[in-house]
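**Student:** Requesting a structural model of the entry that follows:
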Amino acid sequence: MKLGKLTWILIEISTILLYVVVIGFGYMFNIAWLGWTLFLLLMLLHISELKTAMKVGHKKGLTDRRIILKNMLFGFTWWLPLEKGIFDK
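**Tutor:** Just a heads-up that it's a prediction; the model follows:
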């Protein structure tokens with residue numbers, strides 16, 4: 001099944017909401033350290049994707065700064081549709 005551009009945008013929005021939920025629930029239940037730990041784990045996951053994101057982004061002529069920013073915000077939900085031609089940048 002091929003996902004369309006709107007679907008990928010909604011997935012990216014969900015990624016940002018995940019950060020808010022993870023950190024927010026930590027504060028809501030008075031275990032802020034857990035929320036921030038989960039957030040940091042998500043950031044480590046995105047860091048692990050950087051090598052692939054850089055390859056994909058460079059093929060599309062994007063700057064390192066843009067690639068790193070987009071990857072740290074969205075992870076594979078940004079570079080996978082870019083690689084498949086669903087996103088232009």
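
**Student:** ok, L62 - contacts?
**Tutor:** When contacts are counted by C-beta atoms under 8 Å, 6 or more residues apart in numbering, L62 touches K89. C-beta coordinates here come from the backbone N, C-alpha and C atoms, glycine included.

**Student:** That one and G24: what is the separation?
**Tutor:** 31 Å (C-beta to C-beta, to the nearest Å).

**Student:** Quick check: chain neighbours aside, which residue is closest to the most centrally placed residue in the chain?
**Tutor:** For the chain, the residue nearest the mean C-alpha position is F74 (1.6 Å; C-alpha atoms, centre = their mean). Using C-beta to C-beta, 6 or more residues apart in numbering and skipping residues adjacent in sequence, the residue nearest F74 is E12, 4.8 Å away.

**Student:** Please tell me I have it right and the one you found contacts T77.
**Tutor:** Yes: using C-beta atoms under 8 Å, E12 is in contact with T77, at 5.0 Å.

**Student:** Go ahead and report the secondary structure state at W8.
**Tutor:** The three-state assignment at W8 reads helix, by DSSP: H, G, I helix; E, B strand; the rest coil.

**Student:** Please name the nearest non-neighbouring residue to it.
**Tutor:** P81 (4.4 Å).

**Student:** per-residue pLDDT, that neighbour?
**Tutor:** At P81, the pLDDT value in this model is 95.

**Student:** That one - how many residues pack around it?
**Tutor:** 21 (other C-beta atoms under 10 Å).

**Student:** Roughly how far does it sit from W33?
**Tutor:** 34 Å.

**Student:** With K51 instead?
**Tutor:** 30 Å.
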